[in-house]
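Colleague: What shape does this take:
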Amino acid sequence: MSKTGSSLATILIVTLICRSAVMGGSDSKASRTDELIAQLSKIEKQAAEATGSEKTSVAELKSLLPGLSQALNTLGSSESLALINGDSTLQDLGPLLAFRLAGAHARLGQRKEALELLNQIIFELPGWRAQELRTSPTFASIKEDPGFKQMLARLERWTRLWDGSSFATDFKENLTDDEKVAGLSVLWSEAKNSFMDVGRLVDLDWDRLFLSYLPRVRQTRSTFEYYRLLQQMCAQLKDGHTRVFLPQQLSDQEVGVGGLKFGLIEDKVIIFDVVYEELRAKGLERGQEILSIDGIPVRKYAEERVAPYQFASTPQDLAVRVYSANLLSGPKDQPIELELKTTAGAVIRKTIPRGWGQGWNDPPLVESRMLDGNIAYVAVNSLNDPKVVPEFDKAFESTIHRAGGLILDIRNNGGGNSGNGYEILGYLTDHGFPTSRWQTRSYVPTFRSWGNGLQWRRYPAGEGRPNGKKYFNKPVAVLVGPRTYSSAEDFCVAFRNLKRGSIIGEATGGSTGNPLFVRLPGGGGAIICSKLDSFPDGSQFVGVGIKPDIAVSTSVQDAGSGRDTALETAVRIISKKARSEGVE
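Modeller: Numbering: from 1, shown residues only. Reported below is the predicted structural model:
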């Protein structure tokens, strides 16, 4: 038998094994579910390879049909249905196997059978499979069939209904009242059904809040004013992963001053870095206090003109967004007048155009250097780019492996992909480690009709894995702060689970999760946080922040001098631990 024929024969054998596993023979529901997923995934993969290959013969395609049909029958058994309702991966395998069976029928020219299967599952296919349906040569034999074209038209309408793209109207300077009401309704509905913090919806009386905003959105006189109102409403959910984005055409309405770093320190807004010479030439210096903006006291300006539109999960998160990230944001064509108090005590006024340094480069993904005492300092500034792992590997080879201790600085890491963070942590251990547990809302309309209450799908902590080849087993500390955010906080959860060292600095931002994207009229959009993460024991950090083991905050004097007290503290702790362990 050919290699393909052999693999097709394996499908039938694996299917029978799968069926027997479901009917009894495994010790637990979890193990039966895992076994069923593994076996059916194997069947699906083999079928995908066979139907997608031009070299697969007619006989080999025909041999697929019994195995795939048997797999679908297995999923339809009462035993399997009990497992499917508790596992989304297993649930997704049903339409996927039917999709592969339809592909086999299409390759064999059996149009009726292929179309019947596809019409049964088109609403259950994920987006990338729907795209495969449109473009894959597997379905070439039925693409001109009127039934296939009708099915694609229904799929397109379903896609618009499912993702809300029908509301994604073109930009205009002032949207119609109908568009404004529709956009508000979409934001309200998606948050009501998907937002992970149900208690917050209750406390806000979300439906009544929606009603109160209906006349207000109708009264707006421009699309920008309308979107600001949506931002204001959304901000009341107090979640950093739930926010409204302006249309691209309005991006010039929210422009700041790049290269100027400042923040709220000891209840004062202090400049702690001036990146550009052009700004320094205008008289801006490290350590200056911002007293007022456009003639308005800075705290009043921040509370009235900035804070109402910021999406933040915690007080420390809000302080960063209001007094650092967005304090000077506004229309690009309107310069800012700053009243400043110098380190010498003099009061000066400076007018700064918005847009300064907007092209300034983000910091490198990874920065590393060797500190005194043979301690490696490594700043991991983002987890968004998969290149961060190989960049960390370079730092491991050049610096970390020869150090007597390691300080990981993620104070300016706004997150990205948690998996990248877990891979980095894999360099610090020789065993597996728990990550975060999580939950999401589970809405079943029939259960609601029976009077059931809110239900959740809860998932246990995942497991990170060691690198296996490279292992740093010497003292480690992690620096954090309120700009440590999202998957960088997932990193902190896993690091604390590892018990590899101290977390030093200030509480993290307190926001992570998985955002659901929503399209809005005029070209803007919103995201709604649909996932609530926690420590493996259920302890919450979303809405709280991860508290450091050793708290170190920045003083006004530190900001003015450029002193990094958190780093100094970490050096002392690592040095002491290294000495106690006899590490050089």
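
Colleague: For the helix or strand hosting T89, name the packing helices and strands.
Modeller: Assessed by DSSP states H and E, T89 sits inside helix 88-107. Helix 88-107 sits against helix 29-52, helix 58-76, helix 78-84, helix 111-121, helix 127-135, with contacts defined as 3 or more CB pairs under 8 Å, 6 or more residues apart in numbering; DSSP states H and E. Where C-beta positions appear, they are placed from N, C-alpha and C, glycine not excepted.

Colleague: which residues of the stretch 201-350 of the chain fall in helices?
Modeller: With DSSP state H, counting those that start in this stretch as the criterion, the stretch 201-350 of the chain has helices at 206-219, 223-235, 277-281, 298-301, 315-320.

Colleague: winner for burial among those helices?
Modeller: Greatest average neighbour count among the helices of the stretch 201-350 of the chain goes to helix 223-235 (a mean of 21), per mean count of other CB atoms under 10 Å.

Colleague: Just the angle for it relative to helix 206-219, thanks.
Modeller: 170 degrees (axes from the mean of the first three to the mean of the last three CA atoms, to 10 degrees).

Colleague: if we can go back for a sec, of the helices and strands packed on helix 88-107, which is nearest E463?
Modeller: helix 29-52 (13.7 Å; CB to CB).

Colleague: what is the mean pLDDT for that closest one?
Modeller: When pLDDT is averaged along helix 29-52, the result is 89.

Colleague: which residue ranges form the strands in the stretch 451-584 of the chain?
Modeller: Using DSSP state E, counting those that start in this stretch, the strands of the stretch 451-584 of the chain run over 455-459, 463-464, 476-480, 501-505, 515-519, 525-529, 532-534, 550-551.

Colleague: for the stretch 1-150 of the chain, which spans come out with low pLDDT?
Modeller: 1-29 (pLDDT under 70).

Colleague: do the chain as well
Modeller: 1-29, 356-361, 584.

Colleague: Nearest spatial neighbour of the residue most central in space within it, chain-adjacent residues omitted?
Modeller: Computing the C-alpha centroid of the chain and ranking residues by CA atoms, centre = their mean puts N514 first, at 4.7 Å. Nearest residue to N514, sequence neighbours excluded (CB to CB, 6 or more residues apart in numbering): K531, at 3.9 Å.

Colleague: rewinding a little: for D558, which of the helices of the stretch 201-350 of the chain is the nearest?
Modeller: helix 315-320 (16.7 Å).

Colleague: Now do stretch 238-248: distance to the chain's middle.
Modeller: 13 Å (CA atoms, centre = their mean, to the nearest Å).

Colleague: Give me the domain ranges for the protein.
Modeller: Domain ranges of the chain: 3-163, 260-352, 366-580, per automatic domain parsing.

Colleague: mind checking how far the first one is from the chain centre?
Modeller: This means domain 3-163. Using CA atoms, centre = their mean, the offset of domain 3-163 from its chain centre is 29 Å.

Colleague: what is the orientation angle of the helix holding T89 with helix 29-52?
Modeller: 20 degrees.

Colleague: my read: A182 touches V518, true?
Modeller: No. Contact criterion CB atoms under 8 Å: A182 and V518 do not qualify, at 11.9 Å.

Colleague: Those two: which has the busier surroundings?
Modeller: V518 (24 against 19; other CB atoms under 10 Å).

Colleague: The closest residue to the more buried one other than its chain neighbours pairs with what?
Modeller: Once flanking residues are discounted, V518 sits nearest to A526: 4.5 Å by CB to CB, 6+ apart. Beta bridges link A526 to V244, V518 when assigned by DSSP bridges.
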